[in-house]
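S.K.: Need a 3D model of the following:
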Amino acid sequence: MRQIAAAVTTLFALSATVAWAGESVCEQMRTWPAPRRLFAKPEQQLLHIEKRKRATVKPDEQHRPSEGNSYFATEAGNHLLVSTGTGDDVILSVPEFAHRPLDARWINSKLLYLEVQFNPHYGAYWVSDVEAEKVLVNELENDGEDAWLQCHPGQDPLRDSPR
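M.R.: Numbering: from 1, shown residues only. Below you'll find the predicted structure:
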């Protein structure tokens, strides 16, 4: 529960940054035609990683990169089984947001992009090296809409942005 509070506090701070940062940030944001994504390092790791004995997964449930022996498969909740084909499997999950899906896709044969959305505006993402069993990138993301709207009163980025 403390991790959820820390994540929400950090995300709230991201959205409120414009309010306490002063006019210079708003002046810069007023030049933007639309909101931009904002990123921050989380205070704690939200991604839970555990090893498990190798499991058999049906081939049609395996999501493989274009080359290599690695694959991932979704499990109940937001659990993701990752296998390199050697040794133990790794289970990745975000327990604090178990009600939200953990989305994954391959960047290349060894890097896996993972993402969970807390709500339509806030989320977190990771880049994992599956062979080294290491998280390389771990960031919170904010779509920037709340901050942009504070600097553009009366504007709707969906309605007013060029198409």
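
S.K.: can you give me how far stretch 62-79 is from the chain middle?
M.R.: 17 Å (Cα atoms, centre = their mean, to the nearest Å).

S.K.: name the element the residue nearest the centre of the chain belongs to?
M.R.: Centroid-nearest residue in the chain, with Cα atoms, centre = their mean: Tyr125, separated by 2.1 Å. Following DSSP states H and E, one finds Tyr125 within strand 122-129.

S.K.: That strand packs against which elements?
M.R.: The elements that strand 122-129 packs onto, with contact taken as 3 or more Cβ pairs under 8 Å, 6 or more residues apart in numbering; DSSP states H and E, are helix 2-21, strand 111-117, strand 134-142. (C-beta placed from N, C-alpha, C; glycine too.)

S.K.: quick one on the thing from earlier: on the strand side of things, show who the residue nearest to the centre of the chain bridges to.
M.R.: Beta bridges link Tyr125 to Glu115, Glu139 when assigned by DSSP bridges.

S.K.: residue contacts, it?
M.R.: Tyr125 makes contact with 113-116, 137, 139, 141, according to Cβ atoms under 8 Å, 6 or more residues apart in numbering.

S.K.: Flag the shaky bits of the chain, pLDDT-wise.
M.R.: 1-23, 155-163 (pLDDT under 70).
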